[in-house]
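Novice: here is my input, please return the structure:
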Amino acid sequence: MRTSKFFAVPTLALGALLLSAAPAMAHSDHGGASDGVATADSSQSWSFQTSLDPLNNSGTVGDVLIEGQGNQATVYMTVDGAAETFMDGPPHAQHIHFGAQGQCPGPDADVDGDGAINVEEGAPFYGGIGTSLTTEGDTSPDSGLAVERFPGGSSYTYERDLEIADDVLASIVDGTGVIVVHGVDPTLLTEEAANKQSELDESLPNAATLPAACGTLTASQMDGMPEGGADTGVAGGSQGAGMAMAAGGGVLALGAIGAGAYFMRQRPTES
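Specialist: Below you'll find the model as predicted:
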């Protein structure tokens, strides 16, 4: 069993966390965004996190913490066990997916029977790309395959400030926001899957775009975004009923959190 934890290390105590959950989005009932899409309340801070579990026999695991206020967010990630080299040392495309079931696909999602779940087969579960977690430049879905602007290597950390669109943020709050990291070592795939080209871009091998790790975002047990970023080592440029630290029917107070908060990842353990 893999276990992972985020630890908040206060450097300037701000007092105990709020003991009641405040809504972090205002719906468009009174002149907000059209089409019923909730719009972010810029005065509310929020926090969501997930642990990433392997897909496609990849062995890739990780942890993600997203903290924000309104549409402005900071994404922190640690990833281990990713493909080391293929395509001359490729980056790993990574995204916030949204708008579907909010789930990571199981083996039954392999419709074509090649032994691997590709993006089209996984999309009905985790949805389309809402935010591209690139290291620099554009973070829209248009950069979903900007392979030169994603992290690479078998183990990496990622930190970036970015803006999350209203519809993507609403999906996260509804419990249908999912983090997916792509790129699987082709030697771990069946011969059929390894020899295919990607259904998204025929210039890329199938292995480059296959989902390698996945996790559904849930409300973090942290009520506000700390002042200052987490020290992740490398700077990169489940139903969430509300943007607060709800636990069951109540709220779990974690104590003080302060400026310069840090999070750490506990290495996977097998049992």
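Novice: in the stretch 1-150 of the chain, which spans are helices?
Specialist: Assigned by DSSP state H, counting those that start in this stretch, the stretch 1-150 of the chain shows helices spanning 119-126.
Novice: pLDDT below threshold where in it?
Specialist: For the stretch 1-150 of the chain, the stretches with pLDDT under 70 are 1-43, 85-90.
Novice: which stretches in it count as strands?
Specialist: Ranges of strands within the stretch 1-150 of the chain are 25-26, 39-40, 45-54, 61-69, 72-80, 94-98, 128-132, based on DSSP state E, counting those that start in this stretch.
Novice: now the ones you listed in TSV, with mean neighbour count and distance to Leu204?
Specialist: Glycine gets a C-beta too; all of them are placed from N, C-alpha and C. As requested, the strands of the stretch 1-150 of the chain are arranged in TSV below (neighbours: other CB atoms under 10 Å; distance: least, CB to CB, whole Å):
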stretch	mean neighbour count	distance to Leu204
strand 25-26	18	36
strand 39-40	22	34
strand 45-54	23	21
strand 61-69	24	22
strand 72-80	22	20
strand 94-98	28	15
strand 128-132	22	15
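Novice: want to throw these into TSV with distance to Asp201?
Specialist: Below are the strands of the stretch 1-150 of the chain laid out as TSV (distance: least, CB to CB, whole Å):
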stretch	distance to Asp201
strand 25-26	34
strand 39-40	32
strand 45-54	23
strand 61-69	24
strand 72-80	22
strand 94-98	15
strand 128-132	13
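Novice: those: which one's closest to Glu202?
Specialist: Nearest to Glu202 among those is strand 128-132 (18.7 Å), distances taken as CB to CB.
Novice: which strands or helices does that closest one pack on?
Specialist: strand 94-98, helix 166-173 (3 or more CB pairs under 8 Å, 6 or more residues apart in numbering; DSSP states H and E).
Novice: which of the ones you listed sits closest to Ala193?
Specialist: Among the helices and strands packed on strand 128-132, strand 94-98 comes nearest to Ala193, with 20.5 Å by CB to CB.
Novice: what sits up against the closest one?
Specialist: Contact with strand 94-98 is made by 77, 79, 123, 126-133, 141, 144, 150-151, 158, 164, 167-168, 171-172, 176-182, 217, as judged by CB atoms under 8 Å, 6 or more residues apart in numbering.
Novice: buried ones among those residues?
Specialist: Neighbour-count burial (16 or more other CB atoms under 10 Å) applied to the contacts of strand 94-98 gives 77, 79, 123, 126-127, 129-133, 141, 144, 150-151, 158, 164, 167-168, 171-172, 176-182, 217.
Novice: Pro54 reaches Val79, doesn't it?
Specialist: No: Pro54 is not in contact with Val79 according to CB atoms under 8 Å; the separation is 11.1 Å.
Novice: what do those two both touch?
Specialist: Contact criterion CB under 8 Å, 6+ apart; residues shared by Pro54 and Val79: Thr60, Val61, Ala213.
Novice: in a strand, the last one, correct?
Specialist: Right, the one you point to is Ala213. Yes: counting by DSSP: H, G, I helix; E, B strand; the rest coil, Ala213 falls inside a strand.
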